[in-house]
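**Q** Let's see this in three dimensions:
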Amino acid sequence: MIGPNLINKILQTALMNGGDFAEVFVEDKYNTNIIINNDVIDNGIVAKDYGIGIRVFSKNNYVYTYSSNDSEENLIKITKEACKAFNNNTVNSFNTLLDMTKGAVAAEKYFSKTLYKQKLDVINQAISAGKAYDSSVKRMFVKYLDQEQHVIIANTEGLYKEDNRFKTRMIISAFAEKNGDLQSGYIGPGAAKGFEFYDEIDLNYYGREAARSACAMAGAKYCTAGQMAVVVDNGFGGLMFHEACGHSLEASSVAKGNSEFSGRLGQKVASDILTLVDDGSIDKAWGSLNIDDEGTKTRKNVLIENGILKGYMIDKLNSRIMNMAPTGSGRRESYKYAPTSRMSNTYIEAGKHSKDEIIANTEKGLFVKSINAGSVNPLTGEFNFSVSEAYLIENGKLIEPVKGATLIGTGGNILKLVDMVGDNLSIGQGYCYAGSGALFIGAGQPTVRISNMTVGGMR
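**A** This next block holds a predicted model:
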């Protein structure tokens with residue numbers, strides 16, 4: 001990897017060619033991706049990637065360039081070429097790199113030192129447990145990934161930081177068939193840990209849980225469309241609020257006025273019982289980082305507190321535009337992407353009701369056990385989500401599973417309609433795809449009830 005002397009030269013070149021701030025992001029990454037379909041390896045990749053990203057600001061504009069060629073000649077050349085976009089001959093001052101810190105080793109068992117066969121063994125353990133759950137389970141499909149990432153982040157404010165990052169996840173899918181109806185269920189445990197993660201979790205449980213979900217939905221009738229109360233279970237049910245309002249609280253939308261929450265700090269935007277947080281500092285959590293991809297220390301950011309809008313997720317560029325401090329929310333997939341404001345671990349804080357109490361107090365509605373995916377328009381807050389496992393509620397009881405349900409609404413409205421929040425907070429693991437690439441994110445909540453919501457389905 002390139003060292004401080006060359007990084008200094010890159011930064012100085014940027015400021016001598018029209019930039020007023022510059023940043024270097026160096027990444028050296030090892031990763032494994034394995035896909036097993038029943039007993040067959042569909043895909044098995046072990047790869048390394050290395051490169052340097054260079055970003056330069058001039059007031060509220062920026063240019064970004066990157067390369068895997070780390071020669072001094074190349075990096076100085078591409079920096080100069082990038083700065084031509086400013087058409088500015090101003091020479092700015094430069095702070096020599098001062099804050100030189102190195103991140104602690106964050107794993108007990110390195111993936112790069114773990115045998116490939118050991119990785120296959122943990123995958124096959126989950127597959128075997130799922131197959132053994134019920135004879136209606138026809139197929140188990142598992143995606144395994146791990147990643148070791150070493151980064152250097154430096155900028156013209158004198159910052160120089162190194163960080164070691166470890167991530168692993170296993171996405172377990174089961175497919176069950178009953179009377180010709182084939183349905184799927186999945187679960188995806190993950191953490192910011194090394195291979196020791198698989199010593200700490202119960203792979204048999206996760207394999208069976210994916211199979212249980214698939215079996216529960218196989219043969220289920222279609223959900224009836226309409227307006228109804230919706231109870232969303234804890235854990236990755238929090239994806240609904242990640243999409244419904246999380247993206248609208250990212251500075252990449254707020255700073256441009258492209259968010260329903262722009263200019264509304266201090267205003268009431270949600271139910272009094274709802275507090276929404278984004279926290280990239282949770283120890284070893286899937287969406288966590290020691291420092292963000294701009295070198296800012298991650299922290300707990302309270303976005304909405306007891307219904308009042310308290311803050312946004314802010315990166316370095318948008319902090320200039322908004323005249324607000326960065327919040328440790330600058331993230332990117334790799335050196336090939338410029339960072340921007342993105343979520344880390346976003347969740348609703350626990351309330352006072354038990355899950356059973358919430359269901360018992362719902363006369364008629366839909367209980368959503370798990371959500372597949374969703375999308376949102378940050379400007380309007382309009383969203384929709386596909387539901388992977390759900391049950392009808394009648395007279396305070398779960399009566400039967402239903403399939404084909406979608407949840408439809410707007411973030412601003414749905415936040416105000418939360419009328420019960422459970423005490424069973426849990427955070428699930430997933431991915432978020434946006435302008436700075438695919439990112440590891442946590443999405444969580446306790447069990448939550450929305451008093452009235454549009455549910456798509458069959459009529």
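**Q** What are the contacting residues of stretch 88-107?
**A** With contact meaning CB atoms under 8 Å, 6 or more residues apart in numbering, stretch 88-107 is reached by 4, 7-8, 11-12, 15-20, 58, 148, 154, 156-166, 192-196, 284, 290-291. To be clear about C-beta, it is placed using only N, CA and C from the backbone, and glycine gets the same treatment.
**Q** Among the residues you listed, which are located in helices?
**A** Counted as lying in helices by DSSP state H, out of the contacts of stretch 88-107, are 4, 7-8, 11-12, 15-16.
**Q** how much space between residue 62 and residue 341?
**A** For residue 62, the distance to residue 341 (CB to CB, to the nearest Å) stands at 14 Å.
**Q** pLDDT below threshold where in the stretch 101-250 of the chain?
**A** 104 (pLDDT under 70).
**Q** where exactly do the helices run in it?
**A** With helices called from DSSP state H, counting those that start in this stretch, the stretch 101-250 of the chain shows them at 116-131, 197-200, 203-217, 239-241.
**Q** and the end-to-end length of stretch 388-405?
**A** Taking CA to CA, to the nearest Å, the first and last residues of stretch 388-405 lie 8 Å apart.
**Q** In that stretch, which residues are buried?
**A** By 16 or more other CB atoms under 10 Å, the buried positions in stretch 388-405 come out as 388-393, 401-405.
**Q** Show me what residue 297 is bridged to.
**A** Following DSSP bridges, residue 297 is listed with bridge partners residue 291.
**Q** Let me fix that, I meant to ask about residue 40.
**A** Beta-bridge partners for residue 40, by DSSP bridges, are residue 37.
**Q** That one and residue 234: what is the separation?
**A** For residue 40, the distance to residue 234 - CB to CB - is 35 Å.
**Q** Among the two, which residue is more densely surrounded?
**A** Neighbours were tallied for residue 40 and for residue 234 using other CB atoms under 10 Å; the higher tally belongs to residue 234 (23 against 7).
**Q** from what I can see that one touches residue 425, true?
**A** Yes. Using CB atoms under 8 Å, residue 234 is in contact with residue 425, at 6.5 Å.
**Q** Report whether residue 320 is found in a helix, as I expect.
**A** Yes. Under DSSP: H, G, I helix; E, B strand; the rest coil, residue 320 sits within a helix.
**Q** dump the residue contacts of it.
**A** 57, 59-60.
**Q** I'd say residue 415 and residue 269 touch.
**A** Yes. Checked against CB under 8 Å, the pair residue 415 and residue 269 is within contact range at 6.0 Å.
**Q** Find residues that contact each of the two.
**A** Common neighbours of residue 415 and residue 269 (criterion: CB under 8 Å, 6+ apart): 304, 307.
**Q** hang on, the earlier thing: export the buried residues of stretch 388-405 to CSV and tack on secondary structure?
**A** What follows is the buried residues of stretch 388-405, written out as CSV (three-state DSSP):
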residue, secondary structure
388, strand
389, strand
390, strand
391, strand
392, strand
393, strand
401, strand
402, strand
403, strand
404, coil
405, coil
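**Q** which of the residues you listed lies closest to residue 433?
**A** Proximity of the buried residues of stretch 388-405 to residue 433 (CB to CB) peaks at residue 388, which lies at 18.4 Å.
**Q** mind listing the strands for the stretch 51-200 of the chain?
**A** Taking DSSP state E, counting those that start in this stretch to define them, one finds strands in the stretch 51-200 of the chain at 61-67, 99-102, 137-155, 159-178, 181-187, 190-191.
**Q** What strands line up against the third one, and which way round?
**A** Read that as strand 137-155. Here strand 137-155 is paired, per DSSP bridges, with strand 21-37 (antiparallel), strand 159-178 (antiparallel).
**Q** distance of the residue lying closest to residue 377 once chain neighbours are set aside from residue 330?
**A** Spatial nearest neighbour of residue 377, excluding adjacent residues (CB to CB, 6 or more residues apart in numbering): residue 383 at 7.7 Å. Separation of residue 383 from residue 330 (CB to CB) stands at 25 Å.
**Q** Kindly report the same for residue 119.
**A** As judged by CB to CB, residue 119 and residue 330 stand 32 Å apart.
**Q** Who has more neighbours out of the two?
**A** Using other CB under 10 Å as the criterion, residue 119 and residue 330 rank with residue 330 on top: 30 against 22.
**Q** so residue 417 sits right up against residue 454, yeah?
**A** No. Using CB under 8 Å as the test, residue 417 is too far from residue 454 to be in contact (11.1 Å).
**Q** Kindly present the helices of the stretch 101-250 of the chain as JSON lines, with separate columns for distance to residue 326.
**A** Formatted as JSON lines, the helices of the stretch 101-250 of the chain follow (distance: least, CB to CB, whole Å):
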{"stretch": "helix 116-131", "distance to residue 326": "37"}
{"stretch": "helix 197-200", "distance to residue 326": "30"}
{"stretch": "helix 203-217", "distance to residue 326": "36"}
{"stretch": "helix 239-241", "distance to residue 326": "23"}
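**Q** which one of the ones you listed has the most crowded surroundings?
**A** helix 239-241 (a mean of 27; mean count of other CB atoms under 10 Å).
**Q** gap between residue 308 and residue 226?
**A** Residue 308 is 32 Å from residue 226, by CB to CB.
**Q** Looking at the two, which is more packed in?
**A** For the pair residue 308 and residue 226, the greater number of neighbours falls to residue 308 (17 against 12), based on other CB under 10 Å.
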